[in-house]
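K.L.:
take this sequence and fold it.
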Amino acid sequence: MKLKHDLIFIIILSIFTFSFLFIVFNNSKTIFQNQYDDAYITYRYAINLAEGKGAVFNIGEKTDSASSFSYLLILSLFYKSGFHNLELISALIGIFSLIFISYFIFHIIYLLTNNYYISIFFCIISITHGFMFGWAVSGMETAFYTLLITAFFNAYLTKSSKIIQIILLAIILITRFEGIILFAVWLMFEINKLIKEKKLIYIFILQISILFSVIIAFYSFKYFYYNSIFPHALDMKSIVNYYLPKPVSLIKLFKQYSFFILCLSAASIYMIFSENKKELFIIYVFIILSFISFLSGPYSDIGRYTVHIFPLLLITASIAINFIINNNKKYKYLVLFIFLFSITVETFYSIILMRNFFINLSYHQISRKKVGEYINQNINNEEIIISTDIGCIAYYAKDNKFIDLTGLTSIDVLKKYKNHENPDSIILSKKPEFIADSLIVNKEKNIALPDFYLKLSKAIKSVPDSNIDFSKLDLKNPLFSHSCNNEYKFAVIDISKIYK
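P.N.:
Predicted coordinates for the structure are as follows:
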């Protein structure tokens, strides 16, 4: 009977989620197309792997720059099975991940509070908050990874099969690099259990053997295949100014769109101690260590790397709400109203934030798609293209070779940056024929290459400006261009003249 009820509940959540997304974005195109640019890098990896060309961006160049290894494998399997619309596939994975995240949140909160209304409230917040639904439709692995984290804690708190917990942990470890934080926290608590119950030693040894085997096998593969155990993307983000740690920006983001959830989550620590709910300590340790990693690690658009702890904040915040309800203080209903109303208002503004972010992004992606299609149809596969806009353009020109001037997918460029050089020597030695990039239209309607390209020293730490003379190029008459708004134009330009 419970299975039947769960199925009905999931169907209701699915109808609500899809309806909400269609209302927020007005049409399906923004949900299933024109996604976050980094997603297209993983798509290109997935296509190459499915076609037997290896887990690479450019054929013959092994760089580890896909956002997630397990997500790459999943997308590659879909492509191999004949589902070639990876934008649609990834959006559906993200949306159904969101649905099951909310499903687990409901069950965990109901388990902790035994309050149906609190569970439903936070279940709805988990779907409608911008941090959650925005990244669910981004094409990235963010929602999928968040689902894995939420599912693991659901299994842990409900004391589900150890096998399920280990399987989830293993997938988490090969999904995102920071999954090692959860592994470390889990290991610490399992050792603590072992000290108290020594009879669990054999189960513990088996669990550790499986997980360490996964870790050793995974990182051995990465070392021998990519010649590095650390993702090249993480290496790149350590030297690009945009991705450097921005704790102030991250704190402001949470303060503006989830301040009251954070306050309630922090307040719940007292309730956990007072009610002796020791099983929840693992969640708080993971949240605290994760926040330390967020504040000291790379920053990305709208806190993308922090999304997976948001369900945990909702779960812990529910304990404080339940405490207020069960308290007999005089003004408890006023306090309760203030908190719930405030969370609703923050959620509303987060919806506006993420809606505007992805709709504005979609305009750029339409232009990038047009540029990629032009390259695919008009430029020979043997000719090299340089770009700082590497995702969507290269996805739609999947058979062309690109030199990525941000260093994300081009290992030679990354090595130059790490040696405090600019990529001039690579450009001059490989002699790319074209540049496919964004152009900025100024007030006088003159067109110039963006600052990122001409002034790499501003974008990359300790990298000097380019010495290549681009003044010979006719930037006003590119081979192809597509405008996404009055300020940006994406174009393909013949740059062979710079070598003459």
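
K.L.:
roughly how far is the helix or strand harbouring Ser19 from the heart of the chain?
P.N.:
Secondary structure here is read from DSSP states H and E; on that basis Ser19 sits in helix 2-25. Offset of helix 2-25 from its chain centre (CA atoms, centre = their mean, to the nearest Å): 23 Å.

K.L.:
other SSEs contacting it?
P.N.:
Packed against helix 2-25 by the contact rule (3 or more CB pairs under 8 Å, 6 or more residues apart in numbering; DSSP states H and E) you find helix 29-32, helix 86-113, helix 116-128, helix 130-136, helix 332-378. Where you see a C-beta, it was placed from the backbone N, CA and C, and this is true even at glycine.

K.L.:
now Tyr116: closest residue in space that isn't a chain neighbour?
P.N.:
Closest residue in space to Tyr116, ignoring its immediate chain neighbours: Tyr110 at 6.7 Å, by CB to CB, 6 or more residues apart in numbering.

K.L.:
just give me the neighbour total for that neighbour.
P.N.:
One way to gauge burial is a neighbour count; for Tyr110, by other CB atoms under 10 Å, it gives 17.

K.L.:
ok, it touching Ile120?
P.N.:
No - with the criterion set as CB atoms under 8 Å, Tyr110 and Ile120 do not qualify as a contacting pair; they are 9.1 Å apart.

K.L.:
list the buried ones in the helix holding Ser19?
P.N.:
13-14, 16-17, 20-21, 24-25 (16 or more other CB atoms under 10 Å).

K.L.:
what's the lowest-pLDDT member of those residues?
P.N.:
Looking at those by pLDDT, the weakest one is Phe25, with 90.

K.L.:
contacting residues around the nearest residue to that residue once chain neighbours are set aside?
P.N.:
Closest residue to Phe25 apart from its sequence neighbours, by CB to CB, 6+ apart: Ile31 at 5.5 Å. When the contact criterion is CB atoms under 8 Å, 6 or more residues apart in numbering, the partners of Ile31 are 21-22, 25, 91, 95, 137.

K.L.:
make CSV from the residues you listed and add distance to Phe204 to it.
P.N.:
Converted to CSV, the contacts of Ile31 look like this (distance: CB to CB, whole Å):
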residue, distance to Phe204
Leu21, 43
Phe22, 48
Phe25, 47
Ala91, 40
Ile95, 37
Val137, 40
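
K.L.:
other SSEs contacting the helix or strand where Ile427 lies?
P.N.:
Assignment of secondary structure by DSSP H and E places Ile427 within helix 424-430. For helix 424-430, the packing partners by 3+ CB pairs under 8 Å, 6+ apart come out as strand 401-404, helix 411-418.

K.L.:
any idea how far the longest one is from the chain center?
P.N.:
In this case it means helix 411-418. What separates the centre of helix 411-418 from the centre of its chain is 24 Å, taken as CA atoms, centre = their mean.

K.L.:
check which residues of it are buried.
P.N.:
When neighbours are counted by 16+ other CB under 10 Å, the buried residues of helix 411-418 are found to be 411-414, 416-418.

K.L.:
show the contacting residues for the residue nearest to Gln35 when sequence neighbours are not counted.
P.N.:
Distance criterion CB to CB, 6+ apart; nearest residue to Gln35, sequence neighbours excluded, is Gly139 at 3.3 Å. Remark: with contacts taken as CB under 8 Å, 6+ apart, Gly139 is in contact with 35-36, 39-40, 43, 87, 90-91, 94.

K.L.:
for Gly139, give its distance to Ile89.
P.N.:
Noted for Gly139: a distance of 9 Å to Ile89, by CB to CB, to the nearest Å.

K.L.:
how about Leu295?
P.N.:
Leu295 sits 34 Å away from Ile89, going by CB to CB.
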